[in-house]
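[1] Here is a sequence with its predicted model. Questions after.
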Amino acid sequence: MVPREPVFTLVPIISGDGSFLVLNGRNWIMSYNHQEIEKKWQQYWNENETYKMTDDPSKPKFYALDMFPYPSGAGLHVGHPLGYIATDILSQFKRKQGYNVLHPMGWDAFGLPAEQYALDTGNDPAEFTAKNIATFKRQMNELGFSYDWSREINTTDPQYYKWTQWIFIQLYKRGLAYIDEVAVNWCPALGTVLANEEVIDGKSERGGHPVERRPMRQWVLRITEYADRLLEDLDDLDWPDSLKDMQRNWIGRSEGAQLTFSLDGSDQSFDVFTTRPDTIFGATYAVLAPEHKLVEKITTADQQEAVAAYLDKVKLKSDLERTDLAKEKTGVFTGSYAVNPASGEKMPIWIADYVLVSYGTGAIMAVPAHDERDYEFAKEFNLPIREVVAGGNVDEEAYTGDGKHVNSGFLDGLEKDEAITKSIEWLESAGKGEKKVTYRLRDWLFSRQRYWGEPIPIIHWEDGTMTPVDESELPLELPKTTNIRPSGTGESPLANIDEWVNVTDPETGMKGRRETNTMPQWAGSCWYYLRYIDPNNSETLIDPKLAERWLPVDIYVGGAEHAVLHLLYARFWHKVLYDIGVVQTKEPFQKLFNQGMILGEGNVKMSKSLGNVINPDDIVHSHGADTLRVYEMFMGPLDASKEWSTNGLDGARKFLDRIWRLFVNEDGTLGSKIGGEAGGALEKVYNQTVKKVTDDFEHMHNNTAISQLMVFINECYKADRVPTAYAEGFVLLLSPIAPHFAEELWSKLGHNGSITYVQWPEYDEDKLVDDTVEIAVQINGKVRAKIMVAKDITKEELEKEALANEEVRKWTDGKELKKVIAIPGRLVNIVAVD
RNA sequence: GCGGGUGUGGCGGAAUUGGCAGACGCGCUAGACUUAGGAUCUAGUGCCUUCGGGCGUGGGGGUUCAAGUCCCUUCACCCGCACCA
């Protein structure tokens, strides 16, 4: 839906100087020419390098960061700028408050869509990406963002990914990057492996293609080694609670015990993980995941057929089916038995897909009386259920609550916590188990079999060893090629480029082959916020002195979709860089904010198929960038999802026009109401406005800041004079939101140069309240009268005034006054009964 | 199922520590200027009313002089995770 063309764009410009009159029927209405003004100031900022940040250590620093975009072919849509506008407002606000503001932008430009597009069209992904970046940058500039483009970074630039590769080598050297044979999410359509997080309901996050499990040799990063630190350090971050909880759940720390079960009649054994070692006496059977290594070995001849059939069935189930049809428990008996280390009893060993191979040890002891899943399974297959914790009715359902232990030998009579401690002590002394912490978080699958990513800087030698590429040889550049088709075998297209893949050690003459896998898209975005600080350093990733001055990021704004992927990975890398002394802060992003989504009219997602996508280019053309900025901020709280409304957009433009008509006469000169000394009718509302807007910007409550600016303008219309100081202060308050418009008004007010670094206005606390204030008087909690009293009236006087009021007496006459609560500056409440 | 969040006029949304519910905007109504209005300016606009007032922040209960705000309970919707032992 294309927004209705507002009336002010339909007509010829007849007066220069920023104003223009629009012909509406037969009347001339003054409006402002956003196209001319916005272009003029964008050019000015560019020519004067207004937003170029020169580090000035004498000033306090402020680092305002946006999540940099993937430059897709579609360009920006109106949802994108929401967060960008917010950080831009904060940056402009802080500049005026005397901060040295770092506000950069860049491009997360590696990744599947460009490669997919290149495959489909035969274009070079690099060319295609460059074109998209140019579009994004034009759009951002047209929205008036105050980015310091001299710090622009691009993850596909060899001078950038040189350092991405350098970090990989450091990870490798510290044993945090390793190759493992893992069952991976192989996506045949994309020809690559995907991380768990990139698979949604058994389909690829990008493209929605089916994904299957396949064992492969892959690079993996040992993020689990940092699990505890990633968890603990969340506590001190100023992030939304929901987001912190998502990360906590994702890491999924779980304390319990690992214990060993030996096989009956065999010297083999297997380990299980449990959070309830205290229920060991209630373990009546054991379950292995279908993919468990031991399955083949322990299946007896009798059960061979049944087990094979079950394994086939499980393999055919997609991930989606395995989780979605979850309620029904399936499984098969292996024929073998394990020995319960506590009771010495024989426990049948089953295979069931409700046990996941990737969590814990891939095997469990089943305690049906006290675990819902085991209970269901036991009911399904008629396995014994033995109560070991009193308090429930195990004939009816599993009892997971606390209670005294029964049927549990040395644990009898103990409560849950004591029993857990004691059972672990016993296991350890008996050599049958130990205390253990397990995480839901898995190591990070880091290889992609794609062309369009950072080459992993490793060489595999013919003698079977591997070494990282020497750091002096970085960047290891991605070779140009015309064939970027996946090989289909699981190797990346790089494998086909002989002159790139094959290497010979110049000293020993040993032959080797380069790693052909590339890094996932997350790699480049893991550390880009560091490079902005020192973008052109060819010696090191970042100058340690600059890192110390500028970190952590003061405000990081982006979508909630990155809650667990990007943000967890970036925190992980940052901690590694902290450990090797590159940075001095434990965490990269001290404060984080998730902006909400902008939905199409009717509260539905904007999408091409619905045809309801709003293109910011259209709005910039019809209403202007300043209007778009005002509107998006005025829609509601930054973190809420909001519905796009064309009427609301028109309202934002009307507000700007209203300001224009106040500040500028029809002939383009300064508005005739503007002038004179401070004070007068607007004094109070002006000071209130400065206070509220300052406060609101600090907390990113931009919607209420705008409403206060509207209040001020409404008051100006009622006043017959707007003092110059107030007019100037107002323009400063408005300037972070509507920068072009404010610059133009600033020059109308007689100033040369940009408003960007003009000192932020101050307010006078004494002018916020009148000498006399209105106080509401309640009788029994209902407002019955309002009285005017001196602002510094005492409690006693206030009470007296209230009781003397005629209107109040109507309600209190003939009644007994039980109590009078008088709070100066607030209200009076009289409790009266008959 | 678990975790987090949200429920306020016709609509988007405001409301320090509990202290005048509905700021501001949209929409709507009336008036002014007009041959004309999708412009502009002014005024009005929570609901009901016998015009005294009564009722109102998803529902029910509670604490309090006073509750959108605190407590208990319940319903609806949104987001994330989901057989994690």
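    It's in. Predicted, not measured: the structure shown is a model, and the values here were computed from it. Numbering: from 1, shown residues only, chains lettered A, B, ... in the order given.
[2] going forward, measure contacts and count neighbours with C-alpha atoms only.
    Fine.
[3] can you list contacts of the helix or strand where A:Trp426 lies?
    Assignment of secondary structure by DSSP states H and E places A:Trp426 within helix A:416-429. Helix A:416-429 is touched from outside by A:257, A:259, A:276-278, A:402-405, A:411, A:433-435, with contacts defined as CA atoms under 8 Å, 6 or more residues apart in numbering.
[4] cool, stretch A:340-347 as well?
    The list of residues contacting stretch A:340-347 from outside it, by CA under 8 Å, 6+ apart, reads A:260-262, A:264, A:280-281, A:283-286, A:337-339, A:432.
[5] What is the nearest of these to A:Glu666?
    Taking CA to CA as the measure, A:Glu666 lies nearest A:Ala286 of these, at 86.4 Å.
[6] The closest one should be in a helix, yeah?
    No: going by DSSP: H, G, I helix; E, B strand; the rest coil, the assignment for A:Ala286 is strand, not a helix.
[7] what about A:Gly413, how many neighbours?
    Neighbouring residues of A:Gly413 were enumerated by other CA atoms under 10 Å; the total is 17.
[8] Okay, now the unreliable bits of the stretch 1-150 of chain A?
    Counting by pLDDT under 70, the low-confidence segments of the stretch 1-150 of chain A come to A:1-30.
[9] could you pull out the strands for it?
    The residue ranges that make up the strands of the stretch 1-150 of chain A, judged by DSSP state E, counting those that start in this stretch, are A:19-24, A:27-32, A:61-66, A:100-102, A:106-107.
[10] Do me a favour and get the end-to-end distance for stretch A:774-791?
    Counting by CA to CA, to the nearest Å, the length from the leading to the trailing residue of stretch A:774-791 is 9 Å.
[11] Please read the previous query as pertaining to stretch A:448-463.
    Terminal residues of stretch A:448-463 lie 25 Å apart, using CA to CA.
[12] circling back to that earlier point, who wins on neighbours among the contacts of stretch A:340-347?
    When neighbours are counted by other CA under 10 Å, A:Ala283 leads these with 28 neighbours.
[13] can I assume it is in contact with A:His370?
    No: with contact defined as CA atoms under 8 Å, A:Ala283 and A:His370 do not form a contacting pair (9.5 Å).
[14] Can I get the helix holding A:Trp426 in CSV, CA atoms only?
    As requested, C-alpha coordinates have been extracted for helix A:416-429 and formatted as CSV (Å, rounded to 0.1, in the frame of the first residue of the first chain):
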residue,chain,number,x,y,z
LYS,A,416,15.4,-34.0,48.7
ASP,A,417,18.4,-31.6,49.2
GLU,A,418,20.0,-33.7,51.9
ALA,A,419,19.4,-36.9,50.0
ILE,A,420,21.1,-35.4,46.8
THR,A,421,24.1,-34.4,48.8
LYS,A,422,24.3,-37.7,50.6
SER,A,423,23.8,-39.8,47.5
ILE,A,424,26.6,-38.0,45.7
GLU,A,425,28.9,-38.5,48.7
TRP,A,426,28.1,-42.2,48.6
LEU,A,427,28.6,-42.5,44.8
GLU,A,428,32.0,-40.8,45.0
SER,A,429,33.2,-42.9,47.9
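[15] That helix and RNA strand B in contact?
    No: legend: contact between helix A:416-429 and RNA strand B by CA under 7 Å from any atom of the strand is lacking; minimum distance shown is 11.4 Å.
[16] interface residues of the stretch 251-400 of chain A facing RNA strand B?
    Selection of the stretch 251-400 of chain A residues close to RNA strand B by CA under 7 Å from any atom of the strand yields A:252, A:254, A:256, A:273-276, A:289, A:322-329, A:353-366, A:373.
[17] which SS class is A:Lys786?
    The three-state label for A:Lys786, taken from three-state DSSP, comes out as strand.
[18] ugh, wrong one, I meant A:Lys436
    Under the three-state scheme (three-state DSSP), A:Lys436 adopts strand.
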